[in-house]
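Q: I'd like to go over a predicted model; first the sequence, then the structure.
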Amino acid sequence: MKPAVLAIALTILPASVAFAQNQPSRALLENDQIRVRELRLAPGAKQPAEARPNTFLYALTDGSLVFTPPGRTAYELTFKAGEALWIPSQETATANEGDKEVRALVVEIRGRPPAAAAKKGRPSKAGKKSSKKGGATKK
């Protein structure tokens, strides 16, 4: 199923258009199984803390995002354009503290409630596994 989701997402991507400055994302596809959206987060922009399902992120630009789970230490994830990342289900606020817009294709995997869907952990880049302690480790 994962290759099919990626194929659908990448087929939709060329249809993206410019966003209004105050609109951080635009839904490209949404149903009861997945939500595909293009994220455009301006420098200094923040998204409030909310429960987020398991998420696949494909970076369209170089950049970094700061994740702040309630009551926990914030951490930064830096990526290059073309990198694929897995972000486990979690409640977190997200911010672009850099000086360039961050653009990414985001595929949220729906199904189970976010709190019960995955082990706690930090985002990981393709080719890496999350350790039991929550950090990203190499294969």
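A: Arrived safely.
Q: since we're on residue 33, how many residues are nearby?
A: Around residue 33 sit 12 other residues, with neighbours defined as other CB atoms under 10 Å. For glycine as for every other residue, the C-beta is placed from the backbone atoms N, C-alpha and C.
Q: ok, it to residue 25 distance?
A: Residue 33 is 18 Å from residue 25, where distance means CB to CB, to the nearest Å.
Q: Show me where this protein has its strands.
A: 25-30, 34-41, 46-52, 55-59, 63-68, 75-79, 84-87, 90-95, 102-109, 124-125, 128-130, 136-138 (DSSP state E).
Q: export those to CSV and tack on mean neighbour count?
A: What follows is these, written out as CSV (neighbours: other CB atoms under 10 Å):
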stretch, mean neighbour count
strand 25-30, 14
strand 34-41, 20
strand 46-52, 13
strand 55-59, 21
strand 63-68, 19
strand 75-79, 15
strand 84-87, 19
strand 90-95, 20
strand 102-109, 21
strand 124-125, 18
strand 128-130, 15
strand 136-138, 12
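Q: Do I have it right that residue 102 meets residue 57?
A: No: using CB atoms under 8 Å, residue 102 makes no contact with residue 57, being 10.1 Å away.
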